[in-house]
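Asker: Quick one: sequence plus predicted model below, questions after.
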Amino acid sequence: MRTSWLPALAYGGCGATAAGLALALLLLPQQLALRPMQQGVLHLQVHADGSLRLWNQPVSERQLPALLRKASVRPGWQRLRLVPDPGAPWGQVLRLIDQLDDRGLPLELQLPPA
């Protein structure tokens, strides 16, 4: 009984290629999401329910001044980007803009997609 190792090698190569492709598809969105951090941008999201997230970590409005003070003295952080969800309360967004405008980092407002 003679068996060939060539088909097993081909299946193994296809499996490894598929696993590598799946891993790349998993990691690519994470790398794209981290690109602003690598460029020195603090990314603050305002969700529709009014909650805040700084780099996908929940924060409260009371914590923001201390976090921004720390970020403004650290080298590498260049600006703060405020990203509201389309359903975010604009009263809160405007209050945050007033609160964050003079915290040592230039403030950007990234409007939600239409």
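Answerer: On my side now, so go ahead.
Asker: Strands along the chain, start to end?
Answerer: With DSSP state E as the criterion, the chain has strands at 41-46, 52-54, 57-59, 79-84, 107-109.
Asker: Identify all contacting residues around the first one.
Answerer: By C-beta atoms under 8 Å, 6 or more residues apart in numbering, the list of residues contacting strand 41-46 from outside reads 36-37, 52-56, 59, 64, 68, 71, 77-85, 88, 92-93, 96, 100, 105, 108. To be clear about C-beta, it is placed using only N, CA and C from the backbone, and glycine gets the same treatment.
Asker: and residue 22, what does it touch?
Answerer: Residue 22 neighbours (C-beta under 8 Å, 6+ apart): none.
Asker: and it, how far is that from residue 13?
Answerer: To residue 13, residue 22 is 15 Å away according to C-beta to C-beta, to the nearest Å.
Asker: now swap in residue 110 and tell me
Answerer: Taken as C-beta to C-beta, the span from residue 110 to residue 13 is 43 Å.
Asker: Which one of these two is surrounded by more residues?
Answerer: Neighbour count, other C-beta atoms under 10 Å: between residue 110 and residue 13, residue 110 has more, with 14 against 10.
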